[in-house]
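Trainee: 3D model of this:
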Amino acid sequence: MSRQGDEEAGRKAGKTRGKRRQPLKATPEGLERSALYYLERYDSSSGHLRRLLRRKILLSAKVHGTDPDEGAAAVERLIARLTGLGLLDDARYARERVRGLLARGTSAAMIRAKLRAKSLPAALIEAALEADENAGPGRELRAALRYAKRRRLGPYRLENRPGERAERRERDLAALGRQGFDYETARRVIDSEDPAALEAELDTG
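Mentor: Residues are numbered from 1 along each chain as shown. I've put the predicted structure just below:
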């Protein structure tokens, strides 16, 4: 191919890459396909799925002139049907998310924030937290230990030189604080000389 041909092919390829794919017209059938495709890949709360589908409706109204009110009504019917089929279950979703987040060392405050962002009602979030098998005063400390271990903070830090842990104490405390842990919980973890004993104490408590 000549140099001129290469340049022409490059311009065409650039134009093709530069084109944004136009959103599809929102129809009840299309919304259902989108919802099922999403649920095949991810678990979701009804509120989060509703928000995703409404975004499609607004794009469709803007590009294709479809009626947003009709689209919203179609979404509500779809959400009700998926809930009836058991494909959406906000209480189950809340319980599973709480369990998974606690296992990663997430504080109760951060869990509440994450689940509110998924449009879950506060009552369901609190019920899921209370239903957790580790619910109680030691849960926050257990979660903070898990987070510190995962991020190698405080007693879990791999020191490259003597005194590095002490130098980074305030930074490590702040890291736990940003995750929603209170100062006393963060201090107990970061200043612990034997985190394994602290975990064992929680297991026997």
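Trainee: Name the single longest helix found in the protein.
Mentor: When secondary structure is assigned using DSSP state H, the longest helix within the chain turns out to be helix 46-64.
Trainee: This structure: strands as residue ranges?
Mentor: With DSSP state E applied, the chain shows no strands anywhere along its length.
Trainee: Which stretches in it count as helices?
Mentor: Secondary structure of the chain by DSSP H: the helices cover 3-18, 28-41, 46-64, 68-84, 90-103, 108-117, 122-131, 139-151, 164-167, 169-178, 183-190, 195-204.
Trainee: can you tell which of the ones you listed is closest to Arg157?
Mentor: Comparison of those against Arg157 by CB to CB identifies helix 164-167 as nearest, at 5.1 Å. All C-beta spots, glycine's among them, are computed from the backbone N, C-alpha and C.
Trainee: What residues sit buried inside the closest one?
Mentor: Arg165 (16 or more other CB atoms under 10 Å).
Trainee: So which elements touch it?
Mentor: For helix 164-167, there is no helix or strand it packs on, judged by 3 or more CB pairs under 8 Å, 6 or more residues apart in numbering; DSSP states H and E.
Trainee: and it, what's its mean pLDDT?
Mentor: The pLDDT scores in helix 164-167 average 92.
Trainee: any chance of the helices of the chain in TSV, with distance to Arg157 too?
Mentor: Putting those into TSV (distance: least, CB to CB, whole Å) gives the following:
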stretch	distance to Arg157
helix 3-18	45
helix 28-41	37
helix 46-64	36
helix 68-84	46
helix 90-103	22
helix 108-117	22
helix 122-131	30
helix 139-151	9
helix 164-167	5
helix 169-178	7
helix 183-190	9
helix 195-204	11
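Trainee: right, so those: which one is the most enclosed?
Mentor: helix 139-151 (a mean of 20; mean count of other CB atoms under 10 Å).
Trainee: Against which helices or strands is it packed?
Mentor: With 3+ CB pairs under 8 Å, 6+ apart as the test, helix 139-151 has helix 90-103, helix 108-117, helix 169-178, helix 183-190, helix 195-204 packed against it.
Trainee: thinking again about what came up before, export the longest helix of the chain to PDB, keeping only CA atoms.
Mentor: As requested, the backbone C-alpha atoms of helix 46-64 are provided in PDB (Å, rounded to 0.1, in the frame of the first residue of the first chain):
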ATOM      1  CA  SER A  46     -33.600  -2.900  43.100                       C
ATOM      2  CA  GLY A  47     -32.700   0.800  43.600                       C
ATOM      3  CA  HIS A  48     -29.400   0.500  41.800                       C
ATOM      4  CA  LEU A  49     -30.900  -1.300  38.900                       C
ATOM      5  CA  ARG A  50     -33.700   1.200  38.700                       C
ATOM      6  CA  ARG A  51     -31.100   4.000  38.500                       C
ATOM      7  CA  LEU A  52     -29.200   2.300  35.700                       C
ATOM      8  CA  LEU A  53     -32.400   1.700  33.700                       C
ATOM      9  CA  ARG A  54     -33.600   5.300  34.200                       C
ATOM     10  CA  ARG A  55     -30.400   6.600  32.800                       C
ATOM     11  CA  LYS A  56     -31.100   4.600  29.700                       C
ATOM     12  CA  ILE A  57     -34.600   6.100  29.500                       C
ATOM     13  CA  LEU A  58     -33.300   9.700  29.800                       C
ATOM     14  CA  LEU A  59     -30.700   9.000  27.000                       C
ATOM     15  CA  SER A  60     -33.400   7.500  24.900                       C
ATOM     16  CA  ALA A  61     -35.700  10.500  25.400                       C
ATOM     17  CA  LYS A  62     -32.900  12.900  24.500                       C
ATOM     18  CA  VAL A  63     -31.800  11.000  21.400                       C
ATOM     19  CA  HIS A  64     -34.900   9.300  20.100                       C
END
